[in-house]
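Participant: Output the structure for:
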Amino acid sequence: MCYHMVMARREVLVQLDDDLVEQLDTLANRLGTNRSELIRRAVRAVITAEDLASADRDLVAAYRHRPADPALVQSSRRLAAETAPVW
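Facilitator: Predicted coordinates for the structure are as follows:
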């Protein structure tokens, strides 16, 4: 069984200049949606992008703190070269 769950929403006031509203409405019309849904998608995209960027920064920091073992890197390169498909 599938149930459509509706999440509670809170109205938030966002101020945009006229040109941006016009561009937003044009895009929403072209995509067959409305302004609010397009803004929700944009907010989700920004949050997802920041989460990914944060994870990347954490990974880089971890490697700077403890770099990969050169022997492991070399053996990984050798294994990749030996097992790469012939195109």
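Participant: Next secondary structure element downstream of the helix or strand where Glu50 lies?
Facilitator: Applying DSSP states H and E as the criterion places Glu50 in helix 35-65. Sequence-wise, the next helix or strand downstream of helix 35-65 (DSSP H and E) is helix 70-83.
Participant: Mind listing what's buried along that following helix?
Facilitator: When burial is assessed from 16 or more other CB atoms under 10 Å, helix 70-83 yields no buried residues. Using the backbone N, CA and C atoms, a C-beta is placed for each residue, glycine as well.
Participant: Do me a favour and average the pLDDT over it.
Facilitator: What helix 70-83 shows for mean pLDDT is 90.
Participant: circling back to that earlier point, list the helices and strands the helix holding Glu50 packs on?
Facilitator: helix 18-31 (3 or more CB pairs under 8 Å, 6 or more residues apart in numbering; DSSP states H and E).
Participant: for the protein, what helix or strand is lowest in average pLDDT?
Facilitator: Sorting the helices and strands of the chain by mean pLDDT, DSSP states H and E puts helix 70-83 at the bottom, at a mean of 90.
Participant: got the contact list for that helix?
Facilitator: For helix 70-83, contacts defined as CB atoms under 8 Å, 6 or more residues apart in numbering pick out no residues.
Participant: quick one: that helix to chain centroid distance?
Facilitator: On the basis of CA atoms, centre = their mean, to the nearest Å, helix 70-83 is displaced by 30 Å from the centre of the chain it belongs to.
Participant: This completes my enquiry, with thanks.
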